[in-house]
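**Q** sequence and computational prediction follow.
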Amino acid sequence: MAEINLSMAAQNALPSGVRRMFELAKRYPDAINLTLGEPGFATPDHIIEAGIRGLREGKTKYTPNAGIRELREAIADKLWRENGIKCDPEKNLIVTAGATQALMLAMVTLVNPGDEVIIQGPNWPDYRGQIDMVNGKTVYAKVDEKNDFKMTADVIEPLITEKTKLIIINSPSNPTGSVLDEEELRDIAELVKKYKVFLISDEPYEKLVYDGFCQKSIGAFEGLEDYVLTINSLSKTFAMTGFRVGYICANEHIIENLIKLHENMIASIPEPMQMAAIQAIRHGGADVARMVEYYDRNRRLIVDGLNRINGFRCLCPKGAFYVFPNITGFGMSSVEAAEYILEKTHVVTSPGSAFGPDGEGYIRICYASKYEQIKEALERMEREFGKK
Ligand SMILES: Cc1ncc(COP(=O)(O)O)c(C=O)c1O
């Protein structure tokens with residue numbers, strides 16, 4: 001092939017450590033894949049119907065860049081009712097293609113080359129990829145298993161420098177499932193005010209919480225209006241990953257600028273998908289409760305199961321649908337352990353190092369799939385590696 005001079009962003013992009021496991025798993029027809037953060041449920045019918053209605057009604061044109069008014073109203077109601085965040089649907093909201101594009105858009109709007117962005121380590125890999133795309137510098141706030149993997153203010157503060165532009169928090173967290181409570185969020189809010197840095201609260205797992213935990217939003221605290229961008233998505237909550245609908249709530253000035261760049265990036269989200277999102281937000285509560293109950297059963301099954309098997313040590317996470325067990329008991333790197341588990345049991349997991357350098361020593365397992373599959377995966381691993 002002729003030499004092709006691609007951008008530095010393309011050349012520097014890191015290959016996905018999860019993708020490699022997918023490739024290896026193709027060798028095994030009976031593989032049980034517990035890698036992807038994808039709800040095991042079909043999207044509820046009434047939500048699909050709302051999208052189909054949009055198509056039939058000919059909603060096939062561009063919409064306003066910020067999203068259709070009815071969806072912004074539904075989001076604003078939700079944010080006030082459930083999160084205590086006051087927001088004007090005309091001024092403080094933009095609808096995006098999931099949280100992924102919301103984050104990229106925010107990154108392009110806030111971060112200049114050389115600016116430092118603090119994220120949790122281990123982290124959702126796309127944060128790092130996006131920071132690289134805007135030539136920012138990733139600063140990892142390493143979280144500790146002994147402190148339930150929490151990215152608390154005392155972990156963040158020593159990392160703040162005059163170059164710090166943005167902090168990203170993600171509670172409940174991917175990949176660890178850890179959550180931050182109200183007091184811990186308040187301490188982070190104080191940091192934001194003290195150092196006057198932007199903060200993104202990435203909340204796609206907000207509803208996937210267990211043991212009576214209720215996830216608060218940092219964007220509801222007083223005095224943070226100029227600094228906090230609340231990002232959320234319908235993907236995980238309503239089993240709508242393929243619909244690609246998310247949003248950002250922020251102050252008017254930030255939103256005006258996000259809208260300009262959103263126009264350049266993607267223009268608008270398909271209207272039928274926005275109509276499905278209205279249906280989900282206004283009428284999907286019972287579906288979410290049903291799915292969370294199911295995930296909770298899976299969560300208890302997998303935590304108990306892993307803690308019985310040689311080589312694993314697993315915390316019981318309070319949120320999201322991932323466990324992040326310590327696998328140092330295998331005496332291997334996380335890539336080696338994930339490959340070994342695959343080879344011996346045909347169970348596909350993600351090596352912790354796919355979630356940044358601080359993920360070494362762990363693997364990530366998604367428990368959003370069917371209960372029976374998880375049970376079978378645990379039985380295979382227990383047979384192969386033995387009981388403690
Ligand atoms: C922490 C986190 N943020 C954002 C996203 C993006 O989700 P989506 O673009 O589907 O809304 C994901 C998806 O896995 C995630 O885990």
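**A** Everything's here; your move. Computed from a prediction, not measured in an experiment: that's the story for all the values here.

**Q** any chance you could list what contacts the helix or strand of the chain with the lowest mean pLDDT?
**A** When each helix and strand of the chain is scored by mean pLDDT, DSSP states H and E, helix 8-12 comes last, with a mean of 84. Residues outside helix 8-12 that contact it (Cβ atoms under 8 Å, 6 or more residues apart in numbering): D132, M133. (C-beta placed from N, C-alpha, C; glycine too.)

**Q** any idea which helix is longest in this protein?
**A** Using DSSP state H to define each element, the chain has its longest helix at helix 285-308.

**Q** now L191: closest residue in space that isn't a chain neighbour?
**A** Spatial nearest neighbour of L191, excluding adjacent residues (Cβ to Cβ, 6 or more residues apart in numbering): A153 at 5.3 Å.

**Q** chain center to the least confident helix or strand of the chain: distance?
**A** From the chain centre to the centre of helix 8-12 is a distance of 24 Å (Cα atoms, centre = their mean, to the nearest Å).

**Q** so for stretch 108-118, mean pLDDT?
**A** The average pLDDT for stretch 108-118 rounds to 97.

**Q** ok, back up a step: check what contacts the longest helix of the chain and list those residues.
**A** Helix 285-308 has contacts (Cβ under 8 Å, 6+ apart) with 39, 41, 44, 47, 207-210, 237-239, 280, 312-317, 321, 323, 325, 365, 367-369, 371, 374-375, 378, 381-382, 387-388.

**Q** ok, now stretch 274-283?
**A** Contacts of stretch 274-283 with the rest of the structure, by Cβ under 8 Å, 6+ apart, involve 43-44, 46-51, 53-54, 59, 63, 67-68, 70-71, 74-75, 77-78, 95, 234, 237-238, 240, 243, 245, 287.

**Q** near the ligand at all, it?
**A** No. Using Cβ under 6 Å from any ligand atom, stretch 274-283 stays clear of the ligand, coming no nearer than 11.4 Å.

**Q** that older thread, just the buried residues of the contacts of stretch 274-283.
**A** By neighbour count, with 16 or more other Cβ atoms under 10 Å, the contacts of stretch 274-283 hold 43-44, 47, 50-51, 54, 59, 63, 67-68, 71, 74-75, 78, 95, 234, 237-238, 240, 243, 245, 287 as buried.

**Q** among those residues, which are located in strands?
**A** Counted as lying in strands by DSSP state E, out of the buried ones among the contacts of stretch 274-283, are V95.

**Q** would you mind listing what in this protein touches the ligand?
**A** 37, 98-100, 124, 170, 174, 202, 204, 233, 235, 241, 246.

**Q** columns neighbour count and pLDDT on top of those residues, output as CSV?
**A** Putting these into CSV (neighbours: other Cβ atoms under 10 Å; pLDDT from 0 to 100) gives the following:
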residue, neighbour count, pLDDT
G37, 20, 89
G98, 24, 98
A99, 28, 98
T100, 19, 97
W124, 23, 96
N170, 25, 98
N174, 27, 97
D202, 25, 98
P204, 25, 98
S233, 28, 98
S235, 22, 98
T241, 17, 97
G246, 28, 98
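
**Q** those: which two are farthest apart?
**A** Greatest spatial distance among the residues of the chain next to the ligand (Cβ to Cβ): N170 and T241, at 17.0 Å.

**Q** any weak-confidence spans in this structure?
**A** Residues of the chain that meet the criterion pLDDT under 70 lie in 1-2.

**Q** the helices in it, which residues?
**A** Secondary structure of the chain (DSSP H): helices at 8-12, 17-25, 45-56, 69-78, 98-110, 125-133, 153-156, 182-195, 252-265, 271-283, 285-308, 334-345, 371-385.

**Q** save these as a markdown table, and put in distance to L229 too.
**A** Formatted as a markdown table, the helices of the chain follow (distance: least, Cβ to Cβ, whole Å):
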| stretch | distance to L229 |
| --- | --- |
| helix 8-12 | 22 |
| helix 17-25 | 27 |
| helix 45-56 | 26 |
| helix 69-78 | 14 |
| helix 98-110 | 5 |
| helix 125-133 | 14 |
| helix 153-156 | 17 |
| helix 182-195 | 11 |
| helix 252-265 | 7 |
| helix 271-283 | 19 |
| helix 285-308 | 23 |
| helix 334-345 | 32 |
| helix 371-385 | 35 |
